[in-house]
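Undergrad: Provide a 3D model corresponding to the input given below.
(one chain, ligands or ions: 1)
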Amino acid sequence: MTREWSNWSGSLSFTPGRIEAPENDDALADLVRRAVRDGAAVRVVGSGHSSSPLVQTRDVLVTLTNLRHIETPRQDPREVTIGGGITLDQAGKTFLARGLAFANLGDIDKQTVAGAFATGTHGTGATLPPLATHLVGGRLVTGTGDLVEVGSEDDPELVRALRAALGVLGIFASMRLRLVPVFRLRKRQWCSRAEDCLREFDDLARNHRHVDFYWYPRSDEVKIRTMDLADDSPAELPFARLLDEEVGWSNEVIPNNRELRFEEMEYSVPAERGLACFEEVRERVKAHWRQIVGWRVLYRTVAADDTLLSTAYGRPTATISLHQNNTLPFWGFFRDIEPILRACGGRPHWGKLHTLRADDLRPLYPEWERFLAIRRSCDPEGVFLTPYLRDLLGVD
Ligand SMILES: Cc1cc2nc3c(=O)[nH]c(=O)nc-3n(C[C@H](O)[C@H](O)[C@H](O)COP(=O)(O)OP(=O)(O)OC[C@H]3O[C@@H](n4cnc5c(N)ncnc54)[C@H](O)[C@@H]3O)c2cc1C
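TA: Take a look at the predicted model:
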């Protein structure tokens, strides 16, 4: 089947040689073997919510819409095995019925679990690492077309690599996750002056399970979102005005529904530099972009993890995200702010827009070479590589 494919925001569109939707794990392995034989590239796509051209190919684009099963392995009641094509919201609903949940979610839950993990997707919360830390194993189709069972019990380093692998180590036919018991959250949204929020933010991040804020350049106000376990007594924010409150299961309360399409650049910076970095961005936006960019700037926190290519690798993290309406020019704005984010030690979100390539990225990731060595062993022929990915990773 050949047709044009485009991503959620519409900024990325291309026509692959064919789009395949294998019926089962064996058919998936078989199509990779055929591609190796034919010298074709294979890219697997999730829900197409990334804007960086990770899935762009002239050859074979694979979608796993037929692999959406959920099973509970018998030995550990917190473990669940899910098909490689299932989305976060589908998984969340089924987990809830079984008394289980993701510890955190991002802004939306329409991505596939595999796609979200592959780019280091995270929510907010100083004690909460990126979502992929739930991954403990799975069934992977490697670059030789072999279907292998992987697990952190046997090969913890491989799983640390697979937790944010951009689809270059293999295709997950299924993933084994270790989850947390279900929990209810109280979400409260507040409005305040930017100065007040920035002054209080370190305390907010310490005192709330989740906190983030959107800064609105035109009004210079912020919308703060706090989320805490529903049974905890809610803390007041004396400097802010409460706008609304909602209590419910975590998978219902954390994600939003985004109808308006936008483009985004996001960098992860060391948490201790986060607010100063945000201040620099704010000054620059006020001086140069306030008239042009009506969209808000988002500030979040993420706990450190040890996933080889995680943007939170080895350091408590703050993330700063710039947005612009997808129908308006965005590159001028993003390119102007990007050097500020880089100068703060920033690592770009793998699934969002940025201009970095291997020479810029290598120094940011202490285990970069380790990841590349694992890539070579998982995909010796480079069947999962494209010109973009070769440049991004520095692979000949
Ligand atoms: C509206 C919106 C809100 C967002 N909110 C957040 C947020 O709160 N936090 C955050 O961190 N990010 C956020 N993102 C970014 C988003 O989570 C990532 O871009 C994510 O990777 C998209 O998942 P997807 O299923 O669409 O995957 P795709 O974009 O289709 O693919 C992403 C990567 O996953 C790989 N992949 C897909 N399936 C598999 C598989 N089965 N096996 C191996 N590799 C696979 C692909 O090859 C590709 O490299 C948001 C994006 C949008 C558009």
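Undergrad: Closest residue of the stretch 201-350 of the chain to the ligand?
TA: Of the stretch 201-350 of the chain, the residue with the smallest distance to the ligand, taken as C-beta to the nearest ligand atom, is R258 at 4.3 Å. To be clear about C-beta, it is placed using only N, CA and C from the backbone, and glycine gets the same treatment.
Undergrad: Up against the ligand, what does the stretch 51-200 of the chain have?
TA: The stretch 51-200 of the chain comes close to the ligand at residues 54-55, 64, 84, 106-108, 111-112, 114-116, 118-119, 121-122, 166-167, 171-172, as judged by C-beta under 6 Å from any ligand atom.
Undergrad: burial count for the spatially closest residue to I86 that is not a sequence neighbour?
TA: Residue nearest to I86 in three dimensions, not counting chain neighbours: R68, with 4.6 Å by C-beta to C-beta, 6 or more residues apart in numbering. Other residues within reach of R68, judged by other C-beta atoms under 10 Å, total 15.
Undergrad: so what's R68 up against?
TA: By C-beta atoms under 8 Å, 6 or more residues apart in numbering, the contact set of R68 is G83, G85, I86, Q90.
Undergrad: how far away is it from G106?
TA: From R68 across to G106, the span is 20 Å (C-beta to C-beta, to the nearest Å).
Undergrad: what about E245, which helix or strand?
TA: Here E245 sits within strand 241-249, counting by DSSP states H and E.
Undergrad: Tell me where the chain is predicted with low confidence.
TA: By pLDDT under 70, the low-scoring segments of the chain are 1, 294.
Undergrad: let's go with 90 and repeat that
TA: The model of the chain has pLDDT under 90 over residues 1-3, 71-76, 233-235, 257-260, 290-295, 325-327, 396.
Undergrad: Give me the residue at the spatial middle of it.
TA: Against the mean C-alpha coordinate of the chain, by C-alpha atoms, centre = their mean, the closest residue is T121 at 1.7 Å.
Undergrad: picking that back up, around the residue of the stretch 201-350 of the chain closest to the ligand, how many other residues sit close by?
TA: A count of nearby residues for R258, using other C-beta under 10 Å, gives 12.
Undergrad: Could you do P380 as well?
TA: Per other C-beta under 10 Å, the neighbour tally for P380 reads 12.
Undergrad: and what of G394?
TA: Using other C-beta under 10 Å, G394 has 13 other residues around it.
Undergrad: which one in the chain is furthest away from the centre?
TA: P238 (33.0 Å).
Undergrad: what about the residue nearest to I86, is that helix, strand or coil?
TA: Counting by DSSP: H, G, I helix; E, B strand; the rest coil, the backbone at R68 sits in coil.
Undergrad: Is it correct that P129 is in contact with T311?
TA: No - contact criterion C-beta atoms under 8 Å: P129 and T311 do not qualify, at 10.8 Å.
Undergrad: higher neighbour count, those two?
TA: Looking at P129 and T311 with other C-beta under 10 Å, you find the greater number of neighbours at T311, namely 27 against 24.
Undergrad: so the nearest residue to the more buried one once chain neighbours are set aside is in which element?
TA: Of all residues not flanking T311 in the chain, S268 sits nearest, at 3.8 Å (C-beta to C-beta, 6+ apart). Using DSSP H and E, S268 falls within strand 262-270.
Undergrad: Can you tell me the strand partners of that strand and which way each runs?
TA: strand 317-325 (antiparallel), strand 347-348 (antiparallel) (DSSP bridges).
Undergrad: Next, give phi and psi for E71.
TA: Phi and psi for E71, reported as degrees, to the nearest 10, are phi -130, psi 150.
Undergrad: Could you list everything it pairs with in the sheet?
TA: T81.
Undergrad: so how many other residues sit close to it?
TA: When neighbours are counted by other C-beta under 10 Å, E71 registers 12.
Undergrad: you'd agree it is up against V80?
TA: Yes - the pair E71 / V80 is scored as a contact, 7.2 Å apart, by C-beta under 8 Å.
Undergrad: if we can go back for a sec, in contact with the residue nearest to T311, which residues?
TA: Neighbouring residues of S268 by C-beta under 8 Å, 6+ apart: V302, T311, A312, T317, A318, T319, G346, R347, P348, H349.
Undergrad: who wins for neighbours among the residues you listed?
TA: A318 (29 neighbours).
Undergrad: Now do the SS call for the residue nearest to that residue when sequence neighbours are not counted.
TA: Of all residues not flanking A318 in the chain, G274 sits nearest, at 2.6 Å (C-beta to C-beta, 6+ apart). G274 falls in the helix class when you classify it by three-state DSSP.
Undergrad: same check, this time on the one 4 residues further on
TA: Under the three-state scheme (three-state DSSP), F278 adopts helix.
Undergrad: From T327, how far off is Y267?
TA: Note on Y267: its distance to T327, by C-beta to C-beta, is 24 Å.
Undergrad: So which of those two has more stuff around it?
TA: Y267 (27 against 12).
Undergrad: Surely D379 and V395 touch.
TA: No - the pair D379 / V395 is not scored as a contact, 9.8 Å apart, by C-beta under 8 Å.
Undergrad: anything in contact with each of those two?
TA: Shared contacts of D379 and V395 (C-beta under 8 Å, 6+ apart): L385.
Undergrad: Looking at those two now, which is surrounded by more residues?
TA: Counted by other C-beta under 10 Å, D379 and V395 do not tie: D379 has more neighbours, with 21 against 15.
Undergrad: contacting residues for the closest residue to the ligand within the stretch 251-396 of the chain?
TA: Closest residue of the stretch 251-396 of the chain to the ligand, C-beta to the nearest ligand atom: G351 (2.5 Å). By C-beta under 8 Å, 6+ apart, the contact set of G351 is H49, S50, S51, S52, L54, G115, A118, T119, G120, T121.
Undergrad: could you redo the last one with a cut-off of 7 Å?
TA: The contact partners of G351, taken as C-beta atoms under 7 Å, 6 or more residues apart in numbering, are S50, S51, S52, L54, T119.
Undergrad: For L177, which three-state class applies?
TA: Secondary structure for L177, judged by three-state DSSP, is strand.
Undergrad: That one: what's it in contact with?
TA: Counting by C-beta under 7 Å, 6+ apart, L177 touches E79, V80, I82, H134, L135, V136.
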